[in-house]
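Visitor: Here is the input, now give the coordinates:
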Amino acid sequence: MEHRQVCPTSVATILACEKIARSFRENIYELSRVRKEWDMLMATSLNVWITDTLEKYYHNPKELIKSEKYHNWHEIMVAALRCFSILRASIKVDFKKDETFQREVFEKLGYDDYYSDAKDGDQESVFNLLKTFQENLTPDLRKSFSDRTNYADIFKRILDNAEKTAPYAACFGQIQAPGEIDIYGKREVDEIYETIKDISRIAMAYFQFEPEKRDEFNFYKVIRNLE
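Guide: All right, here's what the predicted structure looks like:
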């Protein structure tokens, strides 16, 4: 049996999966128009699967997300996403005549790989975006922004948040359950996460012009309202 570390950020993600799965079932008649395999049987089975998994591998999960460690992570995530959004918008405005530079910067700093999922509340993507930014903001790249006074501050704020992620490094790479979980359990919770991420991506596109329903499938919004 493989031991895995208790991690409130991971617990928040699996609880968000549970909540999104309920929204999926509640809206299944409308969403069934999108994909033929989406029907009430599939939606019900998904909810049962998540409920059973929580009972097997998690003990009092809602208590864990009330911990100080989780609150601290949530503050890091919110602050980081705000900074990343401001930086992205600023680059698009200040360097709108240099699309090649924009593409290079967004690729180097992790936006291409992680920003889309991060802004929708994928916690691992937020973590990876922060670490990639921290590793790839080289002195040479900084010089490209040296004549723009507003960038030094935003860089510092992002790097400060990246430094704060050290205690959470063990929380990512896969959804982790407290206590003991074997290879089959690991596979099960990771499959749930991937399944819900795919559902969320399509459902958010479907409900693009219905913000209240769209938010029911947004990991960030759902995680923020778990407590």
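Visitor: alpha carbons only for contacts and neighbour counts from here, please
Guide: Fine.
Visitor: What segments of this protein are strands?
Guide: Ranges of strands in the chain, per DSSP state E: none exist.
Visitor: if I pick F95, what's in contact with it?
Guide: Residues in contact with F95 (C-alpha atoms under 8 Å, 6 or more residues apart in numbering) are F101, Q102.
Visitor: So what does it look like in phi/psi?
Guide: According to degrees, to the nearest 10, the main-chain angles of F95 amount to phi -120, psi 30.
Visitor: Tell me, what's the model's pLDDT at it?
Guide: In this prediction, F95 carries a pLDDT score of 91.
Visitor: distance of it from R103?
Guide: Using C-alpha to C-alpha, to the nearest Å, F95 is found at 10 Å from R103.
Visitor: Could you give the number of residues near the closest residue to F217 other than its chain neighbours?
Guide: Once flanking residues are discounted, F217 sits nearest to S200: 5.0 Å by C-alpha to C-alpha, 6 or more residues apart in numbering. Close neighbours of S200, defined as other C-alpha atoms under 10 Å, add up to 23.
Visitor: Could you double-check that S200 sits in contact with N218?
Guide: Yes: with contact defined as C-alpha atoms under 8 Å, S200 and N218 form a contacting pair (6.7 Å).
Visitor: Name the residues of stretch 92-111 that are buried.
Guide: For stretch 92-111, burial by neighbour count (16 or more other C-alpha atoms under 10 Å) applies to Q102, V105, F106, K108, L109, G110, Y111.
Visitor: Restrict that stretch to CA atoms and write it as PDB.
Guide: Extracted in PDB, the C-alpha atoms of stretch 92-111 (Å, rounded to 0.1, in the frame of the first residue of the first chain):
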ATOM      1  CA  LYS A  92      -1.100  42.500 -25.500                       C
ATOM      2  CA  VAL A  93      -1.600  46.300 -25.300                       C
ATOM      3  CA  ASP A  94       2.100  47.500 -25.000                       C
ATOM      4  CA  PHE A  95       3.400  45.100 -27.600                       C
ATOM      5  CA  LYS A  96       0.500  44.900 -29.900                       C
ATOM      6  CA  LYS A  97       2.700  45.700 -32.900                       C
ATOM      7  CA  ASP A  98       5.100  42.900 -32.100                       C
ATOM      8  CA  GLU A  99       3.100  39.700 -32.200                       C
ATOM      9  CA  THR A 100       6.300  37.600 -32.500                       C
ATOM     10  CA  PHE A 101       7.500  38.900 -29.100                       C
ATOM     11  CA  GLN A 102       4.100  38.300 -27.600                       C
ATOM     12  CA  ARG A 103       4.200  34.700 -28.700                       C
ATOM     13  CA  GLU A 104       7.700  34.100 -27.400                       C
ATOM     14  CA  VAL A 105       7.000  35.600 -24.000                       C
ATOM     15  CA  PHE A 106       3.700  33.700 -23.500                       C
ATOM     16  CA  GLU A 107       5.400  30.500 -24.500                       C
ATOM     17  CA  LYS A 108       8.500  31.000 -22.300                       C
ATOM     18  CA  LEU A 109       6.500  32.100 -19.200                       C
ATOM     19  CA  GLY A 110       4.100  29.200 -19.300                       C
ATOM     20  CA  TYR A 111       0.900  30.900 -20.600                       C
END
